[in-house]
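> got a sequence here, can you build the structure:
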Amino acid sequence: MAALLVAALPFLGVTADAGALEPPVTETVLLPMAADSVQAMADRAAPPTPVETFYSDRAGMPLALIGYGPFGGDAAVPPPPPGRLSDGYRLGPGDGLTVVLDGNLSGVHAVTVDPSGTVALPGLGVLPAAGLTVAEFRDAVQAEATARLVRTRVHATVTDLRQVAILVAGAVARPGRHAVAARTGILDALIAAGGVDRTGSLRQVRLIRDGESLVVDVFALVDGTGEDPPLDQGDRIVVPPLAPPPPWPAP
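As a prediction, this is how the structure comes out:
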């Protein structure tokens, strides 16, 4: 067949040869498979999905869904590098910080925000931290140091990110609750859940937070063109199933 069959880039239909009709737009992306990939599909335990079968039959060639490759069932998800956090990162219990006092009372102190939301610093006592941004926390410690100490400057950075509990539901390998580092993105959270099943949508993943729902195009995250929203405590991710193939008039 002269043309590739591609469905579900949101702005593309399914294109066959010049005389074929175009069905309604769907959300899936399918590409012709190389010969070795055809054999790999034949050898794997899971049969082609209904969407792959439908379009493969119409095209007269094997077609495979794309975009699911980055998901590995046993992939470890490293936390985001703390060094990349902005001063706007909001602290919470479990976050680890390095506080450097430079001056009359010098020292480097590794502290962790405790369950009550505070940290204890030698010479400064117990200070609030949870709910403050890194910049606000640094300013609060500096104000305390200015009041108690002589000519002491304060530096503070996040060195360890707290764990947050999220829920991943729908067409993933391991639905349920998962613990990930704060600021982890949706893509890494889906990897932690074993990846999106090939019967699941990559275009209509929903992030639910505080009763509000945001639709995220994970396919755009996979190809590097989308923005991956950072997650927080209590977030829910829902991966709906792929829409069934659209009605297509018989040739």
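> list phi and psi for residue 209.
For residue 209, the backbone dihedrals (degrees, to the nearest 10) come out as phi -140, psi 130.
> how about it, nearest residue that isn't a chain neighbour?
residue 235 (5.2 Å; C-beta to C-beta, 6 or more residues apart in numbering). The way it works is simple: take the backbone N, C-alpha and C, and place the C-beta from them, glycine included.
> can you classify residue 164 by secondary structure?
Of the three states, residue 164 takes strand under DSSP: H, G, I helix; E, B strand; the rest coil.
> and the residue nearest to residue 209, what is it in contact with?
Contacts here follow C-beta atoms under 8 Å, 6 or more residues apart in numbering; on that basis residue 235 touches 164, 166-167, 207-209.
> and the residues you listed, which two are furthest apart?
Farthest-apart pair in those is 164 and 208; separation 14.5 Å (C-beta to C-beta).
> ok, those two, which is more surrounded?
Neighbour totals were compared for residue 164 and residue 208, and residue 164 leads with 21 against 15 (other C-beta atoms under 10 Å).
> am I right that that one is in contact with residue 230?
No. Residue 164 is beyond contact range of residue 230, at 10.0 Å (criterion: C-beta atoms under 8 Å).
> dump the residue contacts of residue 237.
Contacts of residue 237 by C-beta under 8 Å, 6+ apart are 166-170, 186, 189-190, 193, 205-208, 231.
> list just the nearest of these to residue 156.
residue 231 (23.6 Å).
> show me the residue sitting in the middle of this protein in space.
For the chain, the residue nearest the mean C-alpha position is residue 186 (1.7 Å; C-alpha atoms, centre = their mean).
> for it, phi and psi?
The phi/psi pair for residue 186 (degrees, to the nearest 10) is phi -60, psi -40.
> can you pull the pLDDT of it?
Here, the pLDDT recorded for residue 186 equals 93.
> one more: residue 149?
Looking at residue 149, the pLDDT reads 83.
> burial measure for it, as a count.
Counted with other C-beta under 10 Å, residue 149 comes out at 17.
> isn't it up against residue 125?
No. Applying C-beta under 8 Å as the test, residue 149 and residue 125 come out as separate, 11.9 Å apart.
> mind listing the helices for the chain?
With DSSP state H as the criterion, the chain has helices at 35-43, 50-59, 134-148, 186-192, 218-222.
> can you put the ones you listed in a markdown table and add distance to residue 106?
Converted to a markdown table, the helices of the chain look like this (distance: least, C-beta to C-beta, whole Å):
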| stretch | distance to residue 106 |
| --- | --- |
| helix 35-43 | 61 |
| helix 50-59 | 64 |
| helix 134-148 | 11 |
| helix 186-192 | 38 |
| helix 218-222 | 44 |
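> residues contacting the residue nearest to residue 94 when sequence neighbours are not counted?
Excluding its sequence neighbours, the residue lying closest to residue 94 (C-beta to C-beta, 6+ apart) is residue 162, at 3.1 Å. Residues in contact with residue 162 (C-beta under 8 Å, 6+ apart) are 92-95, 113, 181-182.
> for those, pick the one with the most neighbours.
Going by other C-beta under 10 Å, residue 95 tops the contacts of residue 162 with 25 neighbours.
> for that residue, what are phi and psi?
Dihedral angles (degrees, to the nearest 10) for residue 95: phi -70, psi 140.
> contacting residues for it?
112-113, 129, 158, 160-162, 182.
> among those, which are in strands?
The members of those that map onto strands under DSSP state E are 112, 158, 160.
> burial count for residue 122?
So residue 122, with other C-beta under 10 Å, has 11 neighbours.
> what about it, distance to residue 144?
Noted for residue 122: a distance of 12 Å to residue 144, by C-beta to C-beta, to the nearest Å.
> which regions of the stretch 1-150 of the chain lie under the pLDDT threshold?
1-46, 69-84 (pLDDT under 70).
> select, out of the helices of the chain, the one closest to residue 239.
Closest among the helices of the chain, once you apply C-beta to C-beta, is helix 186-192, at 7.3 Å.
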